[in-house]
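> A structural model of the following input is requested.
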Amino acid sequence: MTIQGSLEELGLSAFESKVYLDLIRSGLRSAHDLSRRLSAPRSSVYTALESLIRRRLVTTDSARRALRYRAESPAALAATIEEQRALLDQHERIVARLTRELQPILTERVHTESRIEFAEGRLKVGRFLFDNLERWRDSILRMDRSTWGFQDHSFVDEYSKWLKIAWRVLHVEAQIHGRILSNSSSSERQLKGRIPRREVRLLPGNYRFSSSIWVMGEYVIVIMTRTEPFYALQIREPELASNLRTVFNILYDMSST
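Take a look at the predicted model:
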């Protein structure tokens, strides 16, 4: 690497490096001399000199009428580096203290904001579904790589566009197994066997659900699409999700294909 390249590695601009190296070679120089020697505007030379002075690589000599500049040893950078290291250490201590003091507040805020989410109305429920899809996928992948629950056939009729995207994201791309209970309906009969890793069984006996209820990783989602206004309720609670996963597992084993 060239000397100028090394100086630029230390944070000097290309022009600052040229000014510094010219002063190294030529000794005391005025800004006017440097401007002429480097064929550069005097304003650019002054800007570079001010930066080099801050880095302690250049000092001034005012013994004569015209202010002159002198290059100092690159060893002066060592003092600057030590100051930066001390400043970084100070900032590191401040960040650690702020983290300790603010983390409880942030944790409580996130917990409060994300524990329960509610959306009401056809459009808002649709937006809720799209907004949360990737979050559900990531949570499922962290848990048992499967979805459980009951899907009301009216949901299939109302949100078929979202379902096509969700099937691709969850079952095709992420290879998540979907174990879903449903009512006997034409919608489900048409879908049977068409989606990889999505298994649907019919509720046994006289069991009936009138809304869709899903367990997605640590999330429990309830969606009503049989009557207006549509609504969606999401609860982020790992223990509740685990309990409902067990309930649906039992019902699934009791159900027919």
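
> which other residues reach the strand or helix carrying Leu181?
Assessed by DSSP states H and E, Leu181 sits inside strand 177-182. Residues from elsewhere that reach strand 177-182, judged by C-beta atoms under 8 Å, 6 or more residues apart in numbering: 145-153, 170-171, 188, 195, 197-203, 209, 248-249, 251-252, 255. Using the backbone N, CA and C atoms, a C-beta is placed for each residue, glycine as well.

> So, low pLDDT: which residues of the stretch 151-257 of the chain?
Low-confidence segments of the stretch 151-257 of the chain (pLDDT under 70): 183-198, 203-207, 256-257.

> if you set the cut-off to 90 instead, what comes out?
Across the stretch 151-257 of the chain, the ranges flagged by pLDDT under 90 are 151-157, 160-161, 163-164, 167-168, 171-172, 177-211, 245, 247-257.

> Just the helices from it, written as ranges.
Secondary structure of the stretch 151-257 of the chain (DSSP state H, counting those that start in this stretch): helices located at 153-158, 160-166, 186-191, 238-254.

> now do the stretch 1-150 of the chain
Using DSSP H, counting those that start in this stretch, helices in the stretch 1-150 of the chain cover 3-9, 14-26, 31-38, 42-54, 76-115, 122-142.

> roughly how far is the first one from the heart of the chain?
Between the centre of helix 3-9 and the centre of its chain there are 35 Å (C-alpha atoms, centre = their mean, to the nearest Å).

> Please apply the same query to the second one.
Here the centre of helix 14-26 is set off from its chain's centre by 43 Å, with C-alpha atoms, centre = their mean.

> now Ser146: how far from Tyr159?
21 Å (C-beta to C-beta, to the nearest Å).

> of these two, who's got more company?
Tyr159 (21 against 18; other C-beta atoms under 10 Å).

> contacting residues for the more buried one?
Tyr159 touches Val125, Gly126, Leu129, Thr225, counting by C-beta under 8 Å, 6+ apart.

> ok, how many other residues are close to the second one?
Burial of Gly126, expressed as a neighbour count using other C-beta under 10 Å, amounts to 17.

> Leu163 is in contact with that one, correct?
No. Counting by C-beta atoms under 8 Å, Leu163 is not a contact partner of Gly126; they are 11.3 Å apart.

> which residue is nearest the centroid of this protein?
The centre of the chain sits closest to Arg135, judged by C-alpha atoms, centre = their mean, with a distance of 11.9 Å.

> Setting aside sequence neighbours, what's the nearest residue to it?
Tyr219 (7.7 Å; C-beta to C-beta, 6 or more residues apart in numbering).

> And for the one you found, the neighbour number?
22.

> about what we covered before: rebuild the contacts of Tyr159 as TSV, extending it with distance to Ser17.
Listed next are the contacts of Tyr159 as TSV, based on distance: C-beta to C-beta, whole Å:
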residue	distance to Ser17
Val125	61
Gly126	58
Leu129	57
Thr225	68
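
> before we move on, the earlier item: from the middle of its chain, how far away would the strand holding Leu181 be?
30 Å.

> what lines up beside that strand in the sheet?
As defined by DSSP bridges, the strand partners of strand 177-182 come to strand 146-151 (parallel), strand 198-202 (parallel).

> Using PDB, list the CA coordinates for that strand.
Output in PDB follows, covering the C-alpha atoms of strand 177-182 (Å, rounded to 0.1, in the frame of the first residue of the first chain):
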ATOM      1  CA  HIS A 177     -47.300 -28.800   8.600                       C
ATOM      2  CA  GLY A 178     -50.800 -27.500   8.900                       C
ATOM      3  CA  ARG A 179     -53.200 -29.700  11.000                       C
ATOM      4  CA  ILE A 180     -56.500 -28.100  10.700                       C
ATOM      5  CA  LEU A 181     -60.000 -29.100  11.800                       C
ATOM      6  CA  SER A 182     -62.900 -27.800   9.700                       C
END
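
> Flag every buried residue along that strand.
His177, Gly178, Arg179, Ile180, Leu181, Ser182 (16 or more other C-beta atoms under 10 Å).
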